[in-house]
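[1] predicted model and sequence follow; I will ask about them next.
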Amino acid sequence: MSQIRTAPHECKGYLALADHGLDPYWALTRLLIDDYDGHGQIEIEIDGETWEVEFAYQKSGFAPRERDPINAERLYEPRILAYGDGQRKATYNLSPRFEDMRHYETGEQLPQPFNAIDPDEGLSVHFQGSNLEPQQYKDLLPVFVDALAEEAGTRMREGYFRQPAHPMSTIYEYERYVRITRSMNQKLIGQGGVMQKLMLLLAEKEGTKATYDIDNEDVVGKIHKLLLERVDVQEMLPGHHRGRQLKSYLTKNPDYFDSEDDLYHPKVGVLLKKSLNNGNAFDWHKRDELRERIDETIVNALAWSDIPIQAGGTTFVSDDHFQATAAGESVAIYDDPTPEMEAQQQSVLITALQSMTEADSDIVESLVTDGGRVHPEELADRTGYGLSTIYRALQRLDGVLENAGASVRFTSRKIADEIQGIVESAEYQIENAAERVEALLGMETRQAASGAFQAWLNRYAGDVEIEEPGDGETLRIRVDTVLSRYKHTTNPRVQEVVRELLEAWDDDGRDVRQLRDAYLEYKTGSGDRDVAPLRTLL
């Protein structure tokens, strides 16, 4: 069955109309002032849907030119506000643009993008609304204008508002969503869900500004928002480079509704906005690509949380604007990035543990005790080491600790939690933990980070766990890749993966007999996990 089709929610942008210069602006202004005396309301029907259309204006900050046909110190900006069925809405603010625009009070020249095009005058149409596809904002504008003109007993020239959007037209906010059941939503926002896993792995990571906002004040799952900078998105989704917001949110007072009502259940959406992209808006002519990127983010976030992404079934809940139907085309599904991100951080941590000096250990312990964010000088005072020792430790523990904004901290929440777990364990000693890892893996520091075995772990999104099943210790090697014991599937075969493991172990100069009692844990095609001794999988 096909993937679910997402629905549009909020959209905001600017349409530049330049083919007819300012003629459309003056025609619309005359209609507003001469025929509607500055304000009017009409009701029209479009394809069976009733729209209430309001026609009004606001005063701009622009001074008219001497030749402009207006007797006022400020130019008008016509506004069209249209309300359709449910919460479908489209509003437009139409503003003139011409060469050498001036502020009406100061006379200061105002910068504007029309200066860079030919012709250098036209209309800038700011649009925003909800539950409409981006193209519908462009298509509905001339329909509303024609209806207003017809109601006034006149006509608007055909090409004025149906002209193509100029290439400098932009979208600066765009959101799409699906609605899923509350029970399924817990797999996304709950413990172990992809939103929390991403936050743990990205929090405080160098080069990222990812933030996770949670509001469970009235009900669990009221609002969960994960803001992802561009550098984080690139790590999550191949080919993606725009920052975005992944969010799950309920309507106001959702418990007033019965569980059979769509408003009882949350929306899961993705919002593209220019504030997450260095203030850069998106090219209007790339709106189809924007939709595809948003859809890929939504569908993959659900898939990574083991939430079914196919239309039908019991996952999705239709509402006035989102219909739980199949998409015309499926988007790409990528491997869950969190296991590989976790494995990479685990590798950094193992390397650090193996080479940690006594001073390093004391510094790390102090950070755990002090909440993981301390000024270098304060850290020196608390540990009794000189400031130069603190800075040398930061160099040795690069990847585990960083000095950002004169504040020493762990590079990620995941690493902080791992270290805290070691410190708070009953048999705590950081150096002992390092010795156990080193003894069991037979690794040298460099091999831990770049050896063949680590490359194998990265390839299959794996890590290593130490267990004590009785009198001795053994290894459990866990991978988050779906493996199969059969030849007829497209998933990697367990037998081949284990052979690659043994070869990588041997390539690193270790004795494969060390793996005699090791176990492999892996995902099966059914979504379950299987655990078996390595020696039985060859």
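    Structure's in. What do you need?
[2] dump the helix or strand hosting residue 44 to CSV, restricted to CA.
    In the assignment (DSSP states H and E), residue 44 maps to strand 40-46. Listed next in CSV are the C-alpha coordinates belonging to strand 40-46 (Å, rounded to 0.1, in the frame of the first residue of the first chain):
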residue,chain,number,x,y,z
GLY,A,40,-16.2,45.9,1.0
GLN,A,41,-17.3,42.4,1.6
ILE,A,42,-18.7,39.8,-0.8
GLU,A,43,-19.5,36.1,-0.8
ILE,A,44,-18.6,33.8,-3.7
GLU,A,45,-18.6,30.1,-4.5
ILE,A,46,-15.5,28.4,-6.0
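[3] buried stuff in it?
    40, 42, 44 (16 or more other C-beta atoms under 10 Å). All C-beta spots, glycine's among them, are computed from the backbone N, C-alpha and C.
[4] likewise for stretch 17-30?
    For stretch 17-30, by 16+ other C-beta under 10 Å, it's 17-22, 24-25, 27-29.
[5] what is the least confident helix or strand in the chain?
    Averaged element by element with mean pLDDT, DSSP states H and E, the chain has its least confident helix or strand at helix 445-450 (a mean of 44).
[6] quick check: next helix or strand after it?
    Downstream of helix 445-450, the first helix or strand assigned by DSSP H and E is helix 452-459.
[7] how far does that next one sit from the chain's center?
    Chain-centre distance of helix 452-459: 28 Å, with C-alpha atoms, centre = their mean, to the nearest Å.
[8] then stretch 146-160?
    Worked out by C-alpha atoms, centre = their mean, stretch 146-160 lies 42 Å from the chain centre.
[9] and what of stretch 241-258?
    14 Å.
[10] ok, residues contacting it?
    Contacts to stretch 241-258, defined as C-beta atoms under 8 Å, 6 or more residues apart in numbering, come from residues 185, 188-189, 195, 218-219, 221-230, 232-234, 263-273, 276-277, 282, 293-294, 297, 301.
[11] list the buried residues for that stretch?
    Quick answer for stretch 241-258 (16+ other C-beta under 10 Å): 242-251, 254.
[12] now stretch 191-198
    Buried positions in stretch 191-198, judged by neighbour count with 16+ other C-beta under 10 Å: 193-198.
[13] please apply the same query to stretch 357-365.
    With burial defined by 16+ other C-beta under 10 Å, the residues of stretch 357-365 counted as buried are 359-365.
[14] as CSV, these with distance to residue 101, pLDDT and secondary structure would be great.
    Shown next, in CSV, are the buried residues of stretch 357-365 (distance: C-beta to C-beta, whole Å; pLDDT from 0 to 100; DSSP: H, G, I helix; E, B strand; the rest coil):
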residue, distance to residue 101, pLDDT, secondary structure
359, 63, 81, helix
360, 61, 80, helix
361, 65, 80, helix
362, 64, 82, helix
363, 59, 81, helix
364, 59, 81, helix
365, 63, 80, helix
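[15] and the residues you listed, which is closest to residue 93?
    Of all these, residue 93 sits closest to residue 364, with 55.8 Å by C-beta to C-beta.
[16] go through the buried residues of stretch 17-30 and name the one nearest residue 289.
    In terms of C-beta to C-beta, no member of the buried residues of stretch 17-30 lies closer to residue 289 than residue 17, at 22.6 Å.
[17] how confident was the prediction at that closest one?
    On pLDDT, residue 17 comes in at 95.
[18] what do you get for residue 210?
    Predicted confidence (pLDDT) for residue 210: 59.
[19] then residue 481?
    Taking residue 481 on its own, its pLDDT is 76.
[20] now it: closest residue in space that isn't a chain neighbour?
    residue 460 (4.5 Å; C-beta to C-beta, 6 or more residues apart in numbering).
[21] in CSV, list the buried residues of stretch 357-365 along with distance to residue 534.
    Output for the buried residues of stretch 357-365, formatted as CSV (distance: C-beta to C-beta, whole Å):
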residue, distance to residue 534
359, 38
360, 34
361, 33
362, 38
363, 38
364, 33
365, 35
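[22] OK, contacts around the residue nearest to residue 481?
    Per C-beta under 8 Å, 6+ apart, neighbours of residue 460: 479-481, 492, 497.
[23] just give me the closest of these to residue 68.
    The closest of the contacts of residue 460 to residue 68 turns out to be residue 480 (C-beta to C-beta; 66.0 Å).
[24] quick one: the closest one from residue 382, how far?
    The spacing between residue 480 and residue 382, counted by C-beta to C-beta, to the nearest Å, is 38 Å.
[25] ok now the helix or strand harbouring residue 185, how far from the chain's centre?
    Assigned by DSSP H and E, residue 185 falls within helix 182-189. Computed by C-alpha atoms, centre = their mean, the separation of helix 182-189 from the middle of its chain amounts to 17 Å.
[26] tell me how many other residues crowd residue 149.
    By other C-beta atoms under 10 Å, 17 other residues sit near residue 149.
[27] can you pull out the low-pLDDT segments for the stretch 51-200 of the chain?
    In the prediction, the stretch 51-200 of the chain carries no residues with pLDDT under 70.
[28] what about the strands in it?
    In the stretch 51-200 of the chain, the strands defined using DSSP state E, counting those that start in this stretch lie at 76-83, 89-97, 122-130, 170-179.
[29] let me have those strands in TSV, extended by mean neighbour count and distance to residue 420.
    Below are those laid out as TSV (neighbours: other C-beta atoms under 10 Å; distance: least, C-beta to C-beta, whole Å):
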stretch	mean neighbour count	distance to residue 420
strand 76-83	21	53
strand 89-97	21	48
strand 122-130	21	44
strand 170-179	22	36
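[30] so which of those strands comes closest to residue 152?
    Per C-beta to C-beta, nearest to residue 152 of the strands of the stretch 51-200 of the chain: strand 76-83, 13.4 Å.
[31] I appreciate the help and will end here.
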